[in-house]
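S.K.: Give me a model of this one.
(2 chains)
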There are 2 protein chains.
Amino acid sequence: MADQMEQIGTAFVNYYYSIFDSNRENLRPLYKDQSVLTFEGQKCMGADEIMNKLTSLGLKQVKHKIITMDVQPTLAVQPNGILVSVSGNLVLDNEQNPVKFAQCFYLLPEGSNFWVQNDIFRLNYG
Amino acid sequence: MADQMEQIGTAFVNYYYSIFDSNRENLRPLYKDQSVLTFEGQKCMGADEIMNKLTSLGLKQVKHKIITMDVQPTLAVQPNGILVSVSGNLVLDNEQNPVKFAQCFYLLPEGSNFWVQNDIFRLNYG
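M.R.: Predicted structure coming up:
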């Protein structure tokens, strides 16, 4: 069970960042009306608002490099929900120096898939 | 409602780190048997295991400095649950240079209080 959660988290994170870094519009199916994104302090509610935000960041090339990933179940509310916390480096456009980021997702099951209930992204400056 | 969630998140985070940095044993009431902590990749289940971990870190002086804090509701499973994501600097013992950390908490209501369902802590190295 723990292994399965780890596998789902890893698969999600790899999928999410590969889509984010190639064609962000394809992230839409991961979000629903009850999803919440906070991107660098800006809160967006629902798939439409979230996709508007993610597709208007003004970044051309983005490359996420995952350094750590942790997953946990949310036993008391939804044992099959998965909290995923990621830290890593982000290379923006043609900048030489990556910036650190931290992001957490709360994934909820629906059938055999998962959707993003919560998504909080922050650059981790000094 | 959004303001109230922000206030609860801020109060929790200030309380949590002030206790962590002064007397970690007093964090116990925040955790329950269903709580999960992942501390630098090590997973602990339940208040006993969590407190064993937190009180045996081998750190004398710890000082957390919060840089960013974001809160979100978890609408689809528990509208009054609060996901809190923190980034900041950590000064360990007498080290001159702080290290960056990222931590996320999932807080669940019980009566007029909140307890920690999930707690994921990571240092954010380069």
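
S.K.: Tell me which strands the strand ranked longest in chain A pairs with, and in which orientation.
M.R.: If you go by DSSP state E, chain A has its longest strand at strand A:78-92. According to DSSP bridges, the neighbouring strands of strand A:78-92, each with its direction, are strand A:62-74 (antiparallel), strand A:99-110 (antiparallel).

S.K.: What residues sit buried inside the first one?
M.R.: Spelled out, that is strand A:62-74. Burial within strand A:62-74, assessed by neighbour count using 16 or more other C-beta atoms under 10 Å in any protein chain shown, is assigned to A:64, A:68-74. Bear in mind the C-beta positions are built from the backbone N, C-alpha and C, glycine included.

S.K.: can I get the strands paired with strand A:78-92 in JSON lines with distance to A:Ser56 and mean pLDDT?
M.R.: Below are those laid out as JSON lines (distance: least, C-beta to C-beta, whole Å; pLDDT from 0 to 100):
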{"stretch": "strand A:62-74", "distance to A:Ser56": "13", "mean pLDDT": "96"}
{"stretch": "strand A:99-110", "distance to A:Ser56": "18", "mean pLDDT": "96"}
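
S.K.: Just the CA trace of stretch A:110-126, in PDB.
M.R.: These are the backbone C-alpha positions of stretch A:110-126, laid out as PDB (Å, rounded to 0.1, in the frame of the first residue of the first chain):
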ATOM      1  CA  GLU A 110     -11.600   9.400  -8.900                       C
ATOM      2  CA  GLY A 111     -12.100   6.000 -10.500                       C
ATOM      3  CA  SER A 112      -8.600   4.800 -11.400                       C
ATOM      4  CA  ASN A 113      -7.300   8.300 -11.800                       C
ATOM      5  CA  PHE A 114      -6.300  11.100  -9.400                       C
ATOM      6  CA  TRP A 115      -7.100  14.900  -9.700                       C
ATOM      7  CA  VAL A 116      -5.400  17.800  -8.000                       C
ATOM      8  CA  GLN A 117      -7.500  19.200  -5.100                       C
ATOM      9  CA  ASN A 118      -4.600  21.400  -3.900                       C
ATOM     10  CA  ASP A 119      -1.500  22.800  -5.600                       C
ATOM     11  CA  ILE A 120       0.800  25.300  -3.800                       C
ATOM     12  CA  PHE A 121       3.900  26.500  -5.600                       C
ATOM     13  CA  ARG A 122       6.700  28.700  -4.200                       C
ATOM     14  CA  LEU A 123      10.200  29.700  -5.300                       C
ATOM     15  CA  ASN A 124      12.500  29.300  -2.300                       C
ATOM     16  CA  TYR A 125      14.600  32.400  -2.300                       C
ATOM     17  CA  GLY A 126      17.100  33.500   0.300                       C
END
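
S.K.: Mind listing residues that contact stretch A:96-103?
M.R.: The list of residues contacting stretch A:96-103 from outside it, by C-beta atoms under 8 Å, 6 or more residues apart in numbering or on different chains, reads A:64-65, A:85-92, A:119-125, B:85, B:87, B:100, B:102, B:122, B:124, B:126.

S.K.: Do I have it right that A:Lys60 meets A:Asp93?
M.R.: Yes. Under the criterion of C-beta atoms under 8 Å, A:Lys60 is in contact with A:Asp93, at a separation of 5.5 Å.

S.K.: Of all the residues in chain A, which one is nearest chain B?
M.R.: Chain B sits closest to A:Ala102 of chain A, with a gap of 3.5 Å, by C-beta to the nearest C-beta.
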